[in-house]
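> just coords:
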């Protein structure tokens, strides 16, 4: 999950944050890390680029990107086995 | 119309620095002396901002703080090139990735109205918001919108500014068009010699305009006008003559002419002729050695003029008494001619 | 309340026609302009339908009387602006203080894309001719020069609300006696840059868009140009034909909520419509037709709909989104829709909102689905909202006899 946090920080240009600043279960959006709809779209591309996972719609992202843990779980479940 | 506050980010740190000893540059590119943005802009907003957006938003914030205004009646921005860095980033990625795996941030920050929009977002300001993008008239468009909106009596005050950035790519491309000197000397000596080209500049300058004087402002803006693609130097002289007449001003009433020569012999010919024709005994102050040449450089000139009137000090004429009336005359690439008349208030 | 400014004529080119007559015919026949991509070259050709003007640049250049190498944005602009002047019955601008105020969002980006592909390979490469008209203002100047307009040229860019701002700015310059006549509106051609940009936002519909429908999936991009000719009272009296209507109200407000998303309550849209009504001295019940911004995205349509619900509570005017015909033409949309609004007043028309099926849940009204002629229409409201929270509304009214 530390790798994933590093990727999130890089993708979203969260310069002031270190991976350990983001809790595994901390909400990423609004009241948590304060991310917004544009960040969700950035994360969709991150999944595609780094893990070859394609989300069907922006709405699907809402549940996937609840926290770093939900994201990691989704990646484990959906990553193509051949990679 | 009154300029209550003026703030600028330019290749010069401050007006005081210009008075004492202007920053010197030796290349053909003058980059802004940028402040510590974290003092002016919220960290959450800053992470997506490219340089031009930071410069614009910070200058606007500084201006509003000076004028103690929290909810301006309108926010109007002029920018010729818009957000170049974000545009290039998205364009390059799009071509390199063959239109796949693109992210939205650079695209949404690339639209020309981003600076004005981010200022509104920072202030939670729901009022009038407009952006002008017309080459050497970008800032003049914003100013005319502001002046006519104030005349319509729709609002009490307006935040208006001009902003443009240089990027490595834009500098390289504009160099291919032959705009800049190949062997520039020091910026201080910009107007000496006869070599072709000028030096590139950039900047952000914002102003608070009020209908009524407020006591501690900078200057009164008597008028502004533009002339597009004049067919002769006579037409330019006529344009200036008519402008002064409309404002009941004679050439000899002007204490200081701020003029926009940029060191390119062909470009500067018109300024020389005009001075001989209309402003023989008028003291002049050039400004492009301070800020470089760019389409919204008149915003820097207005900031300079406002500061000169407020302090009574002229960088080029340290012994002269405080000027009461200043005329700014600039043209961008001989196409876009603009005039501003200011007086002490 | 301020004095209305007369509108003497209109000109338009869009995916549904190359002039006013062709656009009117397509609106009446319910013929949408979206098709498979034919003129724009993009990797998304098979997936994303677009509403293109059905001519290549060579044909457009011939129609515009301009060289074919310049930006498609300028060519579209020239064709519509020329028609607007003719439509107003103006043969000569001699002796008039004339202005051309045009909006666009990406200037000559269609050509810059070609340039950049070569430039990225080798920084010494790329034809400068493809870059020289990159700036937004360049398209405006090419057309102003062609039309012989010199007194005032300006370009506005506030994303999708751009050309609505151009129209009221022109009106203000006429009211304040700075200009006698102004051609105002906007233009945008399709580009890979904007297509891919909107694609990253995941708001492009892979089918034909369904604005204001509960099951809407997003927008289709389009291209075109639309202009109105605004004239002073003095010029209006001297014209051989009476002005067709007037711009009676306008307002620009900002949503100040998010760089791209609209606030759920449509604050900016509400303020823009309310301000335009106040300026025209009209009550909400006076509006006979609303030409919606209606892009077809989830976010825009509910925000705009919620604002309309709040402002028009009780008596909802007829309304429709003509983007169901033309696609979303970005910087041109406010101009094209201003033209459609003027034509609605002039000919008593209500346009259908194509492909509408299911009323949106949270809204007590639905858009019109059939073309109507011979309606009594006195006041039309046209909405244009954009990125950066930029919201503008215009009100066009019949001239008082």
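Done, it's in. What you are looking at is a predicted structure, and each value in this text was computed from that prediction instead of being measured. Numbers count the residues shown, from 1 in each chain, chains lettered A, B, ... in the order given.
> any idea which helix or strand carries residue C:185?
Element membership for residue C:185 (DSSP states H and E) is strand C:181-188.
> Now do the helices in chain A.
Listed in chain order, the helices of chain A (DSSP state H) span A:2-12, A:37-51, A:58-64, A:68-78.
> Name the helix or strand of the chain that has the lowest mean pLDDT.
Using chain A here. Here the helix or strand of chain A ranked lowest by mean pLDDT, DSSP states H and E is helix A:58-64, holding a mean of 86.
> Not quite, go with chain B.
Lowest by mean pLDDT, DSSP H and E among the helices and strands of chain B is helix B:43-46, with a mean of 87.
> what does that one rub up against?
A:16, A:34, B:37, B:38, B:54, B:57, B:118, B:121, B:122 (CB atoms under 8 Å, 6 or more residues apart in numbering or on different chains). For glycine as for every other residue, the C-beta is placed from the backbone atoms N, C-alpha and C.
> Am I right that the fourth one is in a strand?
No - applying DSSP: H, G, I helix; E, B strand; the rest coil, one finds residue B:38 to be helix, outside a strand.
> What's the local residue count around it?
Look at residue B:38: counted by other CB atoms under 10 Å in any protein chain shown, it has 10 neighbours.
> contacting residues around it?
Going by CB under 8 Å, 6+ apart, residue B:38 touches residue B:46.
> Quick check, pLDDT for it.
Note on residue B:38: pLDDT of 93.
> where does the chain dip in pLDDT?
No chain was given, so I picked chain A. A:81-83 (pLDDT under 70).
> sorry, should have said chain C
C:1, C:401.
> tell me the contacts of the residue in it positioned nearest to chain B?
In chain C, the residue found nearest to chain B is residue C:388; the distance is 2.8 Å by CB to the nearest CB. Residues near residue C:388 by CB under 8 Å, 6+ apart: B:111, B:113, B:114, B:116, B:117, B:118, B:120, B:129, C:158, C:159, C:254, C:259.
> if I look at residue B:216, how far off is residue A:6?
Residue B:216 sits 51 Å away from residue A:6, going by CB to CB, to the nearest Å.
> same question, residue C:252
Counting by CB to CB, the gap from residue C:252 to residue A:6 is 43 Å.
> Then residue C:35?
Distance from residue C:35 to residue A:6, counting by CB to CB: 45 Å.
> next one: residue B:16
Here residue B:16 is placed at a distance of 44 Å from residue A:6 (CB to CB).
> what's the residue lying farthest from the centre of chain B in contact with, if anything?
For chain B, the largest distance from the centre (CA atoms, centre = their mean) belongs to residue B:100, which lies 38.1 Å off. Residue B:100 makes contact with residue C:43, according to CB under 8 Å, 6+ apart.
> Can you tell me the element it falls in?
Short version, using DSSP H and E: residue B:100 is in no helix or strand.
> Count residues in the vicinity of the residue of chain A found nearest chain C, would you?
Here chain A gets closest to chain C at one residue, residue A:58, 4.7 Å apart by CB to the nearest CB. Residue A:58 has 15 neighbours, counted by other CB under 10 Å.
> Leaving out the residues flanking it, which one is nearest to it?
Once flanking residues are discounted, residue A:58 sits nearest to residue C:202: 4.7 Å by CB to CB, 6 or more residues apart in numbering or on different chains.
> I'd say the one you found and residue A:56 touch.
No - using CB atoms under 8 Å as the test, residue C:202 is too far from residue A:56 to be in contact (9.8 Å).
> who's more crowded, these two?
Each of residue C:202 and residue A:56 has its neighbours counted (other CB under 10 Å); residue C:202 has more, 19 against 9.
> what does stretch B:7-16 rub up against?
B:18, B:22-23, B:25, B:30-35, B:55, B:58-60, B:62-63, B:66, B:201-207, B:290-292, B:299-300, B:303-304, B:307, B:311.
> of these, buried ones?
B:18, B:22, B:25, B:30-32, B:35, B:55, B:58-60, B:62-63, B:66, B:201-207, B:290-292, B:299-300, B:303-304, B:307 (16 or more other CB atoms under 10 Å in any protein chain shown).
> I'd like to know if stretch B:157-175 reaches chain C anywhere along the stretch.
Yes - using CB under 8 Å from any CB of the partner chain, stretch B:157-175 reaches chain C at B:172, B:173.
> Going along the chain, name the helices of chain B.
Under DSSP H, chain B gives helices at B:15-20, B:43-46, B:51-67, B:84-96, B:104-110, B:114-123, B:138-151, B:168-176, B:233-246, B:265-277, B:288-291, B:297-311.
> tell me the mean pLDDT over the third one?
Averaging pLDDT along helix B:51-67 gives 98.
> Taking helix B:297-311 as reference, get the angle to that helix.
Orientation check (axes from the mean of the first three to the mean of the last three CA atoms, to 10 degrees): helix B:51-67 against helix B:297-311 gives 20 degrees.
> and the angle for helix B:51-67 with helix B:84-96?
Counting by the same axes, to 10 degrees, helix B:51-67 points 160 degrees away from the direction of helix B:84-96.
> just checking, residue A:75 touches residue A:53?
Yes - using CB under 8 Å, residue A:75 is in contact with residue A:53, at 6.5 Å.
> Common neighbours of the two, please.
With CB under 8 Å, 6+ apart, residue A:75 and residue A:53 have common neighbours residue A:47.
> Just name the most buried of the helices of chain A.
For these, the largest average neighbour count (mean count of other CB atoms under 10 Å in any protein chain shown) is found in helix A:37-51, namely a mean of 20.
> Report all helices and strands that it contacts.
For helix A:37-51, the helices and strands in contact under the criterion 3 or more CB pairs under 8 Å, 6 or more residues apart in numbering or on different chains; DSSP states H and E are helix A:2-12, helix A:58-64, helix A:68-78, helix B:104-110.
> If you count contacts, what does the last one end up packed against?
Going back to what we said before, that points to helix B:104-110. helix A:37-51, helix B:84-96, helix C:192-200.
> Also the second one?
Packed against helix A:58-64 by the contact rule (3+ CB pairs under 8 Å, 6+ apart) you find helix A:37-51, helix A:68-78.
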